[in-house]
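Novice: Everything below, folded, please.
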Amino acid sequence: MLSQLTGMLDRLGGGLAKILNLIGGIALIALIPSFAWLVFGRYVLNETPTWVEQISLILIVLITFPVAAACIRDNSHLSVSFFRDALPPKAAAVLALISYATMVVFGFYMLVGAYDLVVFNWAKSMPIIHVPDGLRSIPMLVCGGGIVFYSLVHILKIITGWKTIAHSRFYSDELLDKDTE
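Specialist: Sure thing, here's the model as predicted:
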């Protein structure tokens, strides 16, 4: 039962990760021509388009935060696992559980803090582009929720895959992926 729920949540997380990566990719694609227009306007037209700087602030957080959350699911985020990899599989799995539990706490506080920022800044308008300033904090809110969700899924994968971990020669997060069986 728990393994079915974990598998369902992992598949759901995979779809969400694709959407988060797509958002980051589209924002990156939009950032490039906007800066090209900034350079063209500043040096060719001799009239700097000031809206580019405000739009780029939104695009940067759209690139950074959603993709960071998706990286938690794929285990492609920045991590130092040298010590964990040197341990026996059961001890390494316990250390991974502690690590993911810590990430749940961090993601929760990021979620709450970002929500407070969205609410606090929503009434203010961003200069030049006249959209709510709280829009800048929504990607951080999504990232906090993603970190919590993906870390909990990793914890469930470790718990449900404990027999696989116990019989393995080393621990790796990929050990628990169904694709490797």
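
Novice: which stretches of the protein have low pLDDT?
Specialist: Along the chain, segments meeting pLDDT under 70 span 178-181.

Novice: In it, which residue is most central in space?
Specialist: For the chain, Ala69 is the residue whose C-alpha lies nearest the centre (Cα atoms, centre = their mean; 1.0 Å).

Novice: contacting residues for it?
Specialist: The contact partners of Ala69, taken as Cβ atoms under 8 Å, 6 or more residues apart in numbering, are Ala17, Leu20, Val142, Cys143, Gly144, Gly145, Gly146, Ile147, Tyr150. (Each C-beta comes from the backbone N, C-alpha and C, glycine too.)

Novice: Please identify the buried residues of the helix or strand hosting it?
Specialist: If you go by DSSP states H and E, Ala69 is part of helix 51-74. Going by neighbour count (16 or more other Cβ atoms under 10 Å), the buried part of helix 51-74 is 51-52, 54-56, 58-59, 61-63, 65-73.

Novice: circling back to that earlier point, check contacts around the residue nearest to the residue nearest to the centre of the chain when sequence neighbours are not counted.
Specialist: Closest residue to Ala69 apart from its sequence neighbours, by Cβ to Cβ, 6 or more residues apart in numbering: Gly146 at 2.7 Å. By Cβ under 8 Å, 6+ apart, Gly146 lies in contact with Leu16, Leu20, Pro66, Ala68, Ala69, Ala70, Ile72, Arg73, Gly107.

Novice: Which helix or strand contains Gly146?
Specialist: helix 138-160.

Novice: Following element in sequence after that helix, please.
Specialist: Following helix 138-160 in sequence order, the next helix or strand is helix 162-166 (DSSP H and E).

Novice: list the helices and strands that next one packs on?
Specialist: Applying 3 or more Cβ pairs under 8 Å, 6 or more residues apart in numbering; DSSP states H and E, we find helix 162-166 packed against helix 89-121.

Novice: Burial check on the nearest residue to Ala101 once chain neighbours are set aside, number of neighbours?
Specialist: Leaving out its chain neighbours, the residue that sits closest to Ala101 by Cβ to Cβ, 6+ apart is Ile155, at 6.7 Å. The local packing of Ile155 (other Cβ atoms under 10 Å) involves 19 other residues.
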